[in-house]
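Visitor: please find the sequence and the predicted model below.
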Amino acid sequence: MIKTFEQKPNLYEPLKGIKVIEVAQGVAGPHCGKILAGLGAEVLKVEIPPEGDWSRKFGPKLPTDETLESSALFLHNNTGKKSILIDWRSPKGLSELQNLTKNADVFIEDWDLNTRNNLNLPKDFFIKQNQRLIEICITPFGLSGPYSLYKATPMIIFALSGFMNIMGAPSKKPIMLPGFQADYCTGINGNNAVQIALWERDLKTQKGKFLELSMLETLINLHQAPFEMDHGGNRQRMGHRQSALSAKGFPPGVSSLPAEDGHVTFGGGSQPIFETLCLMLGKPELIETEEFQNVFKNPESGNLMDKYMMDWMKGKTKKEVFMEVSTQWLLPVSPINTINDILEDEQFNHKNAFQEIDHPIVGSAKYPTLPFSINNQKLKIKRSPLLGENK
């Protein structure tokens, strides 16, 4: 039996009154909708029966339940929304969806060119009947170009965008960053695009727009090409070391190394940081040693520095290393945290980065809050909807 409970409204809802229809599935589009919902918009998620958004079936599932309501991925990306069931792939369903968008402000969809061709949907299909509607189409490659008919996965996007080429050790194959990072970045960009379009509509034109956003172009904007190509070359895989394209090459000291109970990563790569690191290690003579001035001309200097640092960390936990190096030596360092470490971390908790939310099926769990505060206040998020709960 489903229990009911009151959900406290946000004390501050800057998008209150904005109506959003979302048919997008998975991560990118729904994450865009999640942010809008967190800011107070009314987000109605339109799911295809009988199983709804494909992310409802995606693991991991919360251990209390194994139904379509327990996917951690779905629960995270759909907080604060409502859910109804419409099969918009049929003429009747498409007509129902069209009726829903007549009074909406925003329409979030992820229909690629194949889908639009199959449904015979021009870009102005919905905006023609509601000229104030802002429609955003979020796809892997966009609706034009030689790749627009191709299928994609997160790994495909990372490979095509060039990020896999710079991830991993130089002597090994490129590696993939697990998860849906490209989708999340695209969802954040989608939220920004929608809010700019809302601002322009309400303050200037009084008309909506068709917005197009691709994951591939999102990742291209995250490259550091202008900073990394001071020799006119391409950035290469360097493992935990800094880029070999630096004009100086930097002294060693950028490392991910084992402490007693896990790994610690040291940042840096500047002369002042290297000098302080040498003092911390009790090896000030390395500051003037020529072999330690450019880690790429003398690769063994990096390996030797790693050994000195591991010797210094013997018997110390990763938290002890973190606290000592950060507070006494003022060097950039971090423990490599597990999820449990993050949930217990005092900085995250001080910033109210997580919120306990009750759900009628899976019970209580911690969810990340929106990553900003307004007037020193974090916005409260509400639970994700049950499949078809609102119709």
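Guide: Structure received.

Visitor: now do residue 366 against residue 343, distance only.
Guide: To residue 343, residue 366 is 6 Å away according to CB to CB, to the nearest Å. (Each C-beta comes from the backbone N, C-alpha and C, glycine too.)

Visitor: anything in contact with each of the two?
Guide: residue 354 (CB atoms under 8 Å, 6 or more residues apart in numbering).

Visitor: helices of this protein, start to end?
Guide: Secondary structure of the chain (DSSP state H): helices located at 28-38, 72-77, 91-101, 113-119, 154-160, 181-200, 215-220, 225-228, 271-280, 299-313, 318-328, 339-344, 346-350.

Visitor: go through those helices and pick out the most buried.
Guide: helix 28-38 (a mean of 27; mean count of other CB atoms under 10 Å).

Visitor: what packs against that one?
Guide: strand 19-22, strand 42-47, helix 72-77, strand 106-109, strand 134-139, helix 181-200 (3 or more CB pairs under 8 Å, 6 or more residues apart in numbering; DSSP states H and E).

Visitor: end to end on stretch 138-148, go ahead and measure it.
Guide: 12 Å (CA to CA, to the nearest Å).

Visitor: return the mean pLDDT over that stretch, rounded to an integer.
Guide: Averaged over stretch 138-148, pLDDT sits at 96.

Visitor: in it, which residues are buried?
Guide: Buried residues in stretch 138-148, counting neighbours by 16 or more other CB atoms under 10 Å, are found at 138-143, 147-148.

Visitor: next one: that stretch to chain centre, how far?
Guide: Centre-to-centre, stretch 138-148 and its host chain are 21 Å apart (CA atoms, centre = their mean, to the nearest Å).

Visitor: also stretch 379-391?
Guide: On CA atoms, centre = their mean, the centre of stretch 379-391 falls 21 Å from the chain's centre.

Visitor: so how far does that stretch reach from one end to the other?
Guide: One end of stretch 379-391 sits 27 Å from the other (CA to CA).

Visitor: as TSV, the helices and strands packed on helix 28-38 with distance to residue 297 would be great.
Guide: Converted to TSV, the helices and strands packed on helix 28-38 look like this (distance: least, CB to CB, whole Å):
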stretch	distance to residue 297
strand 19-22	54
strand 42-47	55
helix 72-77	46
strand 106-109	51
strand 134-139	45
helix 181-200	34
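
Visitor: could you measure from residue 315 over to residue 321?
Guide: 10 Å.

Visitor: where does the chain have low pLDDT?
Guide: 1-11, 64-65, 224-249 (pLDDT under 70).

Visitor: apart from its chain neighbours, what residue comes closest to the residue nearest in space to the middle of the chain?
Guide: Nearest to the mean C-alpha position of the chain, by CA atoms, centre = their mean, lies residue 184 at 3.4 Å. Spatial nearest neighbour of residue 184, chain neighbours left out: residue 31 (5.6 Å); criterion: CB to CB, 6 or more residues apart in numbering.

Visitor: how many other residues sit next to the nearest residue to residue 13 once chain neighbours are set aside?
Guide: Nearest residue to residue 13, sequence neighbours excluded (CB to CB, 6+ apart): residue 40, at 2.6 Å. Neighbour count of residue 40, defined by other CB atoms under 10 Å: 18.

Visitor: my read is that residue 40 contacts residue 370, right?
Guide: No. Taking CB atoms under 8 Å as the definition, residue 40 is not a contact partner of residue 370, at 11.2 Å.

Visitor: per-domain residue ranges of the protein.
Guide: What automatic domain parsing lists as the domains of the chain is 19-221+349-378, 236-258+263-335.

Visitor: can you tell me how far the residue lying closest to residue 110 once chain neighbours are set aside is from residue 305?
Guide: Spatial nearest neighbour of residue 110, chain neighbours left out: residue 24 (4.1 Å); criterion: CB to CB, 6+ apart. Distance of residue 24 to residue 305, computed by CB to CB: 48 Å.

Visitor: residue 202 now?
Guide: The value you get for residue 202 to residue 305, if CB to CB is used, is 57 Å.

Visitor: residue 324 too?
Guide: Between residue 324 and residue 305 the computed distance is 18 Å (CB to CB).

Visitor: cool, and residue 23?
Guide: 53 Å.

Visitor: again with residue 12
Guide: 49 Å.

Visitor: and if you look at residue 251?
Guide: 8 Å.

Visitor: then residue 199?
Guide: From residue 199 across to residue 305, the span is 51 Å (CB to CB).

Visitor: repeat that for residue 80.
Guide: Counting by CB to CB, the separation of residue 80 from residue 305 is 48 Å.

Visitor: kindly report the same for residue 160.
Guide: Distance from residue 160 to residue 305, by CB to CB: 36 Å.

Visitor: ditto for residue 269
Guide: 12 Å.

Visitor: now residue 273
Guide: 12 Å.

Visitor: quickly list what's touching both of these two.
Guide: Residues touching both residue 273 and residue 305 (CB under 8 Å, 6+ apart) are residue 253.

Visitor: you'd agree residue 141 is up against residue 147?
Guide: Yes. At 4.2 Å, residue 141 counts as touching residue 147 under the criterion of CB under 8 Å.

Visitor: joint contacts of those two?
Guide: residue 216.

Visitor: what sits against residue 33?
Guide: 20, 22, 24, 43, 45, 78, 81, 108.

Visitor: switch to 10 Å and redo it
Guide: Neighbour list for residue 33: 20-24, 41, 43-45, 77-81, 106, 108, 136, 187, 190-191, 194 [criterion: CB atoms under 10 Å, 6 or more residues apart in numbering].

Visitor: start and end of stretch 169-188, how far apart?
Guide: Start-to-end span of stretch 169-188 (CA to CA) is 30 Å.

Visitor: check stretch 139-157 too.
Guide: 11 Å.

Visitor: who touches it?
Guide: In this structure, residues lying in contact with stretch 139-157 by CB under 10 Å, 6+ apart are 24, 27-29, 109-117, 123, 137, 159-160, 163-164, 176-183, 186, 210, 212-219.
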